[in-house]
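Undergrad: Generate a structure from the sequence data that follows.
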Amino acid sequence: MKKKLIYFGLWVVLGVVFMGNVICERAFASGQTSITSESIREKEEQISKIKGEKETLKDGLSNLKEIKKDLEKQKNNLREYVRQLDDSLAVIEKNIADLNDRIQAKEGEIQQAEIDLEEALEKEESQKESTLACIRLMYEAGNPNIMDMLVEAKGFGEFLNRADYVEKVYAYGNQMWENYKAAREYVELCKEELELEKEILDETKESVEIEQRNLEELIEQKNRDIIAYETDIGNKEKAIREYEEEIKAQEEEIKLLEAAVAEEKKKLLASMVITYDGGMFKFPLKTYTRISSEYGTRPHPTLGVEHFHNGVDFAAPKGTPIYAAYDGRVVAATYSVTMGNYVMIDHGSGLYTIYMHASSLYVKKDDTVVKGDTIAAVGSTGRSTGNHLHFSVRLNGAYVSPWEYLKES
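TA: Residues are numbered from 1 along each chain as shown. Predicted coordinates for the structure are as follows:
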């Protein structure tokens, strides 16, 4: 009876060890995750890259002091001053656009980092439960009866078999512990990455605000300096002469474009030539606040001389969409010192529309546009002291009143 009890005890112990082996194997399998040394290394590399991104963020900001210093050298040459200032404004506006793209991308990266962290926490919890289950089995299997079982083994082969069970239980336990530590480390890396991404997002938004202030300050300076130059008694005659030369140059530029278009049309088949069908134009702005200058002869606002204003000025906020007034082909989408960024459209039958002082151009030469297409955005580039659209219409080589074709709609 005593011998049977001893054998029964040995089988119980062997059963505990064997079940510990099996259950730990299952726990190990269920606790397996994709978190490996390679996963951790990749996450560390991502964090290193983000830190580098954080360090270089402010390097891309415009240096307002240097820009102003360079502009100061051009103040006696209004033409070059306006050109250089517009170039600087364009660079800052591109920086702002790039930073806004970066903010959008960063928000997506933060969303992914939050998903990574959530998955890492779930894996950590799963690994924790599996590890605890295995440790608990190891504890239950690791009582003094195991030593008795090993001592009472019949032969060396049986001893080794029994010892192997015990070793495997502890080996699985150790592996489970290492996996848990890896899961724990990965969670901390995910948290660090998420915090860094949020810091960069905040700093990028701050950079946009800095660049926006730089932009506004330069625009205000441009307006002040143009007005100061034109109203200065010592510059009066020079400013009037320069203004007349610029208007003449503007007229010549437009006439050259018209001549080039006429030459091209000669080479086209009659059926392919654009023809104006007599319809009314679409109003060229999505919104506007007021007419700041009408078409016709008027006193210049700062020079005080009578001059012919060849279009209508519509005051509107910067960035307001500018529409193609009618179907046609873009014959120019470029920059000049007087007109700033401008678009010129051929509507056929000798009729053209011109859209001046844009902050951005959305079309290019030879593009075909349809009435109502967005072609540019309101700005204050060129010889301009405030955001507006200068809208001109030409017929057979001469300016005509836009109101003959225009309807507000």
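
Undergrad: Can you list the low-confidence ranges for this protein?
TA: The chain contains residues with pLDDT under 70 at 1-35, 54, 58, 74-75, 134-173, 229-245, 265-273, 300-305, 407-409.

Undergrad: Pick out the residue nearest the middle of it.
TA: Nearest to the geometric centre of the chain sits residue 101, at 0.5 Å (CA atoms, centre = their mean).

Undergrad: how close does that residue sit to residue 246?
TA: With distances taken as CB to CB, to the nearest Å, residue 101 is found 36 Å from residue 246. Every residue, glycine included, has its C-beta placed from N, CA and C.

Undergrad: helices or strands next to the helix or strand hosting residue 130 in the packing?
TA: Here residue 130, judged by DSSP states H and E, is contained in helix 78-141. With contacts defined as 3 or more CB pairs under 8 Å, 6 or more residues apart in numbering; DSSP states H and E, helix 78-141 has these neighbours: helix 2-30, helix 64-72, helix 155-231, helix 236-267.

Undergrad: tell me which residues of stretch 374-381 are tucked away?
TA: 375-381 (16 or more other CB atoms under 10 Å).

Undergrad: That stretch: end-to-end distance?
TA: Chord length of stretch 374-381, first to last residue, is 18 Å (CA to CA, to the nearest Å).

Undergrad: got the contact list for it?
TA: 86, 89, 219, 222-223, 285, 316-324, 330, 333, 335, 340-341, 343, 345, 355, 357-363, 369, 386-389 (CB atoms under 8 Å, 6 or more residues apart in numbering).

Undergrad: can you redo the buried residues of stretch 374-381 as a markdown table with distance to residue 404 and secondary structure?
TA: A markdown table is the format used below for those (distance: CB to CB, whole Å; DSSP: H, G, I helix; E, B strand; the rest coil):
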| residue | distance to residue 404 | secondary structure |
| --- | --- | --- |
| 375 | 21 | strand |
| 376 | 23 | strand |
| 377 | 26 | strand |
| 378 | 23 | coil |
| 379 | 26 | strand |
| 380 | 27 | coil |
| 381 | 27 | coil |
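
Undergrad: Report the distance from stretch 113-121 to the chain centre.
TA: 25 Å (CA atoms, centre = their mean, to the nearest Å).

Undergrad: Over to stretch 362-373?
TA: Using CA atoms, centre = their mean, the offset of stretch 362-373 from its chain centre is 25 Å.

Undergrad: now the buried residues of stretch 374-381 in CSV, with distance to residue 106?
TA: Formatted as CSV, the buried residues of stretch 374-381 follow (distance: CB to CB, whole Å):
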residue, distance to residue 106
375, 31
376, 29
377, 25
378, 29
379, 28
380, 31
381, 30
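
Undergrad: any idea which of these is the one closest to residue 66?
TA: Distances from residue 66 to the buried residues of stretch 374-381, taken as CB to CB, are shortest for residue 381 (21.1 Å).

Undergrad: quick one, phi psi at that closest one?
TA: phi -80, psi 160 (degrees, to the nearest 10).

Undergrad: And for the residue nearest to it when sequence neighbours are not counted, the neighbour number?
TA: Spatially, and ignoring its direct neighbours in sequence, residue 381 is nearest to residue 340 (2.9 Å; CB to CB, 6 or more residues apart in numbering). If you count neighbours by other CB atoms under 10 Å, residue 340 ends up with 21.
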